[in-house]
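This is a predicted model, with the sequence first.
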Amino acid sequence: MWNDLKQRADAARENSILELCQQDSRFEDFSIKHGDLLFDYSKTHLKAADLDMLVDMAKDVPTRRSAMFSGEKINETEGRAVLHTALRNLDGGAVKVDGDDVMPEITATLKRMQQFADDVRSGVFKGQGGAITDVVNIGIGGSDLGPAMATLALAPYHNGPRTHFISNVDGADAADKLALLNPETTLVIVASKTFTTIETMTNATTVRKWMETVVRDPGAQFVAVSTATEKTAAFGIPSERVFGFEDWVGGRYSMWGPIGLSLMLAVGLDAFEEFLRGAQDMDVHFETADLAKNMPVMLALIGLWHHQGMGFPTRAVLPYDQRLSRLPAYLQQLEMESNGKSVAMDGSAVETVTGPVVWGEPGTNGQHAFYQLIHQGRTVVPCEFIVAAQGHEEHLTEHHTLLLANCLAQSEALMTGRSMDVARGLMAAKGFEGAELERQAAHRVFEGNKPSTTLIYPKLTPFVLGQLIALYEHRVFVEGVILGINSYDQWGVELGKELAVSLTPVVEGNQSADNKDSSTRGLVEYVHSLRG
Ligand SMILES: O=P(O)(O)OC[C@H]1O[C@H](O)[C@H](O)[C@@H](O)[C@@H]1O
């Protein structure tokens with residue numbers, strides 16, 4: 001399968017994307033519209049026959065998809081089901097794990113979250129100094145990136161307390177954020193699936209100490225979100241303010257449930273529900289649409305075409321949406337932690353490269369920074385543009401027009417490029433001649449024929465954000481199925497954590513670095529000399 005893909009993709013390098021896009025039906029044939037989202041993949045080297053082959057690669061997806069949605073333990077290395085979809089299965093049917101319907105528990109927890117959020121937002125729940133003005137979410141990875149990304153994305157819908165996110169074990173993170181806050185009116189959410197993550201537990205202890213200096217009963221202003229409810233009690237958070245979830249929700253897939261509490265507090269119950277409904281809408285589309293018209297499936301297949309087929313090592317995610325500025329970081333965890341693997345489900349080595357490096361920044365800012373390399377560097381970077389037809393700022397529509405024009409101009413420029421002849425003409429018009437004209441013109445050539453895709457939506461509403469994130473989640477699933485890997489474990493993060501534990505006493509100076517290699521020993525000794 002992978003050799004066929006490579007051969008076909010190699011041959012397709014000769015295709016002119018511009019010529020393909022000069023055919024009138026190109027856009028219609030190479031785009032999918034579902035609900036509020038349009039996914040355009042016309043500006044790629046793909047021809048119809050390539051699409052047939054790609055869709056054929058996804059033939060095992062329906063079986064695995066049913067297995068996921070029905071609660072089978074598809075996370076085989078951890079023996080767990082993968083059921084983040086159940087968290088947004090609003091008004092849906094039963095979902096069973098080991099024969100038990102998990103929906104009553106999910107619904108009950110959602111109701112508790114709603115009641116609590118309502119109490120905080122209405123001022124019924126108070127801190128020592130009165131109504132809660134600020135919420136601090138302490139978490140990292142999946143317990144941070146989702147809610148942090150989504151609260152920023154939905155800033156126009158904020159009508160609750162201000163939200164802040166402390167994640168890094170670097171004390172600067174806590175110090176800078178706490179400096180803005182009044183402990184007497186701050187609510188702290190300790191968000192950790194395992195409630196053992198060293199960064200989160202260290203920050204939680206620091207924030208409790210900060211609160212203790214002023215607040216008589218700081219525990220009363222703490223909430224925990226975790227699967228490890230026994231550990232939350234040991235930390236001193238009473239069960240009525242603990243929101244639990246089950247281990248079949250992966251950390252990076254968890255913001256639809258209690259990990260999303262900070263988002264619910266910020267935007268309110270209705271907007272949060274709309275967010276869930278958007279994701280649920282994408283779930284239904286993913287479960288029911290034909291593979292060739294299935295947006296997550298096609299997004300995944302285009303990804304495989306570019307990375308495994310054409311060999312492009314990275315993919316840029318370029319939201320022309322300032323409020324999606326944390327989306328690339330969120331997707332880095334979602335995609336790279338899920339599909340950055342080398343071993344297939346059965347323990348054998350994977351035959352191909354797996355997930356690409358995902359990176360990006362919002363447009364138009366990136367245009368004035370790294371787009372130079374995208375347009376004229378030797379590395380081809382498939383670009384994923386993301387943009388709304390309308391902004392929320394009705395008084396600033398001219399900004400949005402410029403934003404859209406820039407987004408569309410970039411995908412056009414990547415496709416069209418600029419030939420040497422055109423560059424010569426430009427330089428001749430500026431008065432250059434002979435060898436100098438040739439030299440100057442060469443620098444102004446754009447190779448073009450560079451692929452990109454575009455996702456367009458009407459406006460970044462909670463519903464659309466839900467659709468968008470669920471789209472990416474299912475894309476990861478589809479890529480994982482075709483690669484034959486387990487997208488739901490993350491053993492690759494363990495080794496560094498273990499070594500950090502063993503290095504802590506060495507850095508403290510309580511243990512010798514003698515058993516370490518020369519490089520690590522040298523670095524430790526140098527650090528000691530700087531720390532005095
Ligand atoms: O939610 P927690 O248990 O604190 O875990 C936080 C994060 O840390 C881990 O190292 C994993 O790599 C992530 O997948 C996880 O989201």
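Everything's here; your move.

continuing past the helix or strand in which T202 is found, what's the next helix or strand?
Per DSSP states H and E: T202 is located in helix 198-212. From helix 198-212 onward toward the C-terminus, using DSSP H and E, the following helix or strand is strand 222-226.

Can I get that next one as PDB, trimmed to CA atoms?
The C-alpha trace of strand 222-226 is given here as PDB (Å, rounded to 0.1, in the frame of the first residue of the first chain):
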ATOM      1  CA  PHE A 222     -10.400  24.900  45.000                       C
ATOM      2  CA  VAL A 223     -12.000  22.500  42.600                       C
ATOM      3  CA  ALA A 224     -10.600  19.300  41.200                       C
ATOM      4  CA  VAL A 225     -11.100  17.700  37.800                       C
ATOM      5  CA  SER A 226      -9.700  14.200  37.600                       C
END
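
Show me the contact partners of that strand.
116, 139, 143, 187-195, 208, 232, 235-237, 241-245, 258-259, 261 (CB atoms under 8 Å, 6 or more residues apart in numbering). From N, CA and C alone the C-beta is placed, and that goes for glycine too.

how close does Y457 get to L318?
15 Å (CB to CB, to the nearest Å).

need the contact list for the residue in the stretch 401-532 of the chain that the ligand sits nearest to.
Using CB to the nearest ligand atom, V493 is the residue of the stretch 401-532 of the chain that sits closest to the ligand, at 3.9 Å. Contacts for V493 (CB under 8 Å, 6+ apart) come out as E337.

Sort out which of the contacts of strand 222-226 are buried, if you could.
Neighbour-count burial (16 or more other CB atoms under 10 Å) applied to those gives 116, 139, 143, 187-193, 195, 208, 232, 235, 237, 241-245, 258-259, 261.

give me the subset of these touching the ligand.
143, 192-193 (CB under 6 Å from any ligand atom).

From these, pick the one nearest E78.
The shortest approach to E78 among those belongs to K193, at 12.1 Å (CB to CB).

between Y457 and L318, which one's more packed in?
Ranked by neighbour count (other CB atoms under 10 Å), Y457 and L318 place L318 first, with 32 against 21.

Could you say which helix or strand holds that one?
Assigned by DSSP H and E, L318 falls in strand 314-320.

Would you indicate which residues of that strand are buried?
Here strand 314-320 shows 315-320 as buried, counting by 16+ other CB under 10 Å.

before we move on, the earlier item: closest to S325 among the ones next to the ligand among the buried ones among the contacts of strand 222-226?
Closest to S325, out of all of those and judged by CB to CB, is S143, at 19.7 Å.

how about the nearest residue to that closest one, chain neighbours excluded?
A191 (4.1 Å; CB to CB, 6 or more residues apart in numbering).

Please name the bridge partners of that neighbour.
Judged by DSSP bridges, the bridge partners of A191 are V225.

That one reaches I259, doesn't it?
Yes. Here A191 lies in contact with I259, judged by CB atoms under 8 Å, at a distance of 5.5 Å.

who touches both of the two?
Contacts common to A191 and I259, judged by CB under 8 Å, 6+ apart, are 139, 143, 147, 225.

how about these, which pair is most distant?
Of all pairs in those, the most separated under CB to CB is P147 and V225 at 9.8 Å.

what's the next secondary structure element after the helix or strand containing L437?
Element membership for L437, per DSSP H and E: helix 434-442. Next helix or strand after helix 434-442 toward the C-terminus (DSSP H and E): strand 452-457.

other SSEs contacting that following strand?
strand 37-40, strand 383-388, helix 397-416, helix 462-483 (3 or more CB pairs under 8 Å, 6 or more residues apart in numbering; DSSP states H and E).

partner strands of that strand, parallel or antiparallel?
strand 37-40 (antiparallel), strand 383-388 (parallel).

Any idea how many residues pack against the residue in the stretch 301-450 of the chain positioned nearest to the ligand?
Going by CB to the nearest ligand atom, the ligand is nearest to E337 of the stretch 301-450 of the chain, at 5.7 Å. Using other CB under 10 Å, E337 has 22 neighbouring residues.

you'd agree it is in a helix?
Yes. The assignment for E337 (DSSP: H, G, I helix; E, B strand; the rest coil) places it in a helix.

Could you check what's spatially nearest to it, not counting adjacent residues?
That would be Q490: by CB to CB, 6+ apart, it lies 5.1 Å from E337.

Report the contact partners of the one you found.
Contacts of Q490 (CB under 8 Å, 6+ apart): 251, 337-338.

cool, and I237?
By CB under 8 Å, 6+ apart, the neighbours of I237 are 190, 219, 222-224.

same question, F275
150, 154, 256, 260, 263, 267, 462-463, 465-466.
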